[in-house]
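Colleague: Predicted model and sequence below, questions to follow.
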Amino acid sequence: MAADNMIPTGRALALLFALTPCFPAHAGEQGNGGRLVFHLAPAVYHYRHDPRHNNYPWLMGLEYESRNNWLGGAAYFRNSFDQPSNYLYLGKRWFPDFLPENVYVKVTGGILLGYKEPYENKVPLNNRKGIAPGVLPAIGYQFKRASIQLVPLGAAGLMLTLGVDLLKLD
């Protein structure tokens, strides 16, 4: 989907996530050591119904987050058209003071692999080999070693992810 097709709510969310580096973090949330996180996404809600859509991507990913909340990761999933796909990314997580404690925002950017013929035009800037840049914002809640996130997928849909900290790294 083209970026200019984003719904107004999507534009507002994109602006919020773009401004998050300007917000101070909750005291004690940063600088507490790194972590290794396993993510699972059992479901995607597509804004427009299409019988070809796969609503169960079963995304599985591994993410390393440093003590200052910079992160990098990789994920495997079945895309909206049931093609095997990957997302390799870098990003950052913030705990803005204006949000309730343990609520965070996260932005990742990287390479999206796997949207191939005949669906290569479903992702902006995708080339014929199924390689495209990707940017994903998220809002989440961290409770001890568990987390839950909502991830807007541009104008296409909304993904739910569940995470568990596998290792705390100091």
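Modeller: That came through fine. Residues are numbered from 1 along each chain as shown.
Colleague: Just after the lowest-mean-pLDDT helix or strand in the chain, pick out the following helix or strand.
Modeller: Ranking every helix and strand in the chain by mean pLDDT, DSSP states H and E puts helix 8-19 at the bottom, with a mean of 42. Using DSSP states H and E, the helix or strand that follows helix 8-19 in sequence is strand 34-46.
Colleague: need the contact list for the residue most central in space within the chain.
Modeller: For the chain, the residue nearest the mean C-alpha position is Leu136 (4.4 Å; CA atoms, centre = their mean). Leu136 makes contact with Tyr87, Tyr89, Val107, Thr108, Gly109, Val151, Pro152, Leu153 under the criterion CB atoms under 8 Å, 6 or more residues apart in numbering. C-betas here are computed from N, CA, C, even on glycine.
Colleague: and if you look at Val103?
Modeller: Phe95, Ile139, Gly140, Tyr141.
Colleague: ok, now with 10 Å
Modeller: Each residue near Val103 by CB atoms under 10 Å, 6 or more residues apart in numbering is listed here: His26, Phe95, Pro96, Ile139, Gly140, Tyr141, Gln142.
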